[in-house]
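*Asks:* below are the sequence and a predicted model for it; my questions follow.
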Amino acid sequence: MEPLADGVIESPIERLARADAQLERAGVERHSLDAARSGATSLRALGERLLPDAGHLAPVLADGMVRVARAVAQHFPDNLFWDLDAVFADILREARAATDPRAHLAASLEEIVALHALFGQETDIRFRYVHDFVYGFDWAKWVHRDPAARAEIGPFALVFLRSVRARGHELLALIARDDAKYPRLPDARARNPFPFSREPEAEAALYRDLAARSLIPVPAWQLAPEPEWDRPFAVAREERARALRL
């Protein structure tokens, strides 16, 4: 982040606006899966919707929003779709219901920042996009494995975030053993364990197709989506990829 002059105090909204400007100067293009928008909701616009009702949590939320956006840009420089509306709104709702809302909110945001570092381009996992996490494909798969215990757990609940971190370390162990599905990568290319292309043009075409067909588990461009885990989203994604010849 660019330093402020001595004695300058920013409001949370000003901090978000400054982060937006930094992303724009860095050339980061933030697309949305919402066909009605020209781009993803800016941090400032999202803050203007969430912060007025956040009370004493507003500074923590604004700081975390900036840190998460910076983590996406740093660890997933090829990321295409930046719909973070549901992510921050859901985390704020979860925190308000917690025994210690401030500590819960800070822990959730810190966990998301850490997940980006763990799964991004700077570790041996080296995934290319945050799409599967943000749009709920990872969460839906996780719930499917134990619906009786997990069906009521939200896509950005702290318990799920911590399970994702544990899975990340499992992947690193598999990669270290040169696993058949998760082998060591021979060069700087991004990892793709799926049977369809995840090159940028293919990724954009597939995700836009899925969004148009309501085949996204978490419509993250909405502030209060109704997440769905109990449909075969992963199967549908592979079927649509084949139909699109990706």
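*Replies:* Right, received. Where do you want to start?

*Asks:* find the centremost residue of this structure, please.
*Replies:* Among the residues of the chain, V134 comes closest to the average C-alpha position under C-alpha atoms, centre = their mean, at 3.5 Å.

*Asks:* residue contacts, that one?
*Replies:* F81, D83, L84, V87, V218, A220 (C-beta atoms under 8 Å, 6 or more residues apart in numbering). No exception for glycine: its C-beta is placed from N, CA and C like everyone else's.

*Asks:* how does it look with 10 Å?
*Replies:* Counting by C-beta atoms under 10 Å, 6 or more residues apart in numbering, V134 touches 33, 72, 79, 81-87, 112, 155-156, 216, 218, 220-221.

*Asks:* now those residues: which count as buried?
*Replies:* Neighbour-count burial (16 or more other C-beta atoms under 10 Å) is assigned, among these, to 33, 72, 79, 81-87, 112, 155-156, 216, 218, 220-221.

*Asks:* and the gap between the residue lying closest to D78 once chain neighbours are set aside and V113?
*Replies:* Nearest non-adjacent residue to D78, counting by C-beta to C-beta, 6 or more residues apart in numbering: R128, 5.2 Å away. Relative to V113, R128 is positioned 18 Å away (C-beta to C-beta, to the nearest Å).

*Asks:* now H144
*Replies:* From H144 across to V113, the span is 27 Å (C-beta to C-beta).

*Asks:* repeat that for M65.
*Replies:* M65 sits 11 Å away from V113, going by C-beta to C-beta.

*Asks:* between these two, who's got more neighbours?
*Replies:* Counted by other C-beta atoms under 10 Å, M65 and V113 do not tie: M65 has more neighbours, with 25 against 19.

*Asks:* check whether that one really touches W82, as I assumed.
*Replies:* No: between M65 and W82 there is no contact under C-beta atoms under 10 Å: 11.9 Å.

*Asks:* overlap of the contact sets of those two?
*Replies:* If you check M65 and W82 against C-beta under 10 Å, 6+ apart, the residues they both contact are L43.

*Asks:* next, give phi and psi for E226.
*Replies:* phi -110, psi 90 (degrees, to the nearest 10).

*Asks:* now do the contacts for it.
*Replies:* V218, P219.

*Asks:* returning to what we had before: the residue nearest to D78 and R96, how far apart?
*Replies:* In this view, R128 and R96 are 34 Å apart by C-beta to C-beta.

*Asks:* now swap in D230 and tell me
*Replies:* 26 Å.

*Asks:* looking at these two, which one has more neighbours?
*Replies:* Set side by side, D230 and R96 show more neighbours around R96, with 14 against 11, by other C-beta under 10 Å.

*Asks:* name the residues of stretch 66-76 that are buried.
*Replies:* Across stretch 66-76, burial judged by 16+ other C-beta under 10 Å covers V66, R67, V68, A69, R70, A71, V72, A73, H75, F76.

*Asks:* now do the contacts for the first one.
*Replies:* Looking back up the chat, that one is V66. For V66, the contacting residues are M1, P12, R15, L16, R18, A19, D20, Q22, L23, L43, G47, L109, by C-beta under 10 Å, 6+ apart.
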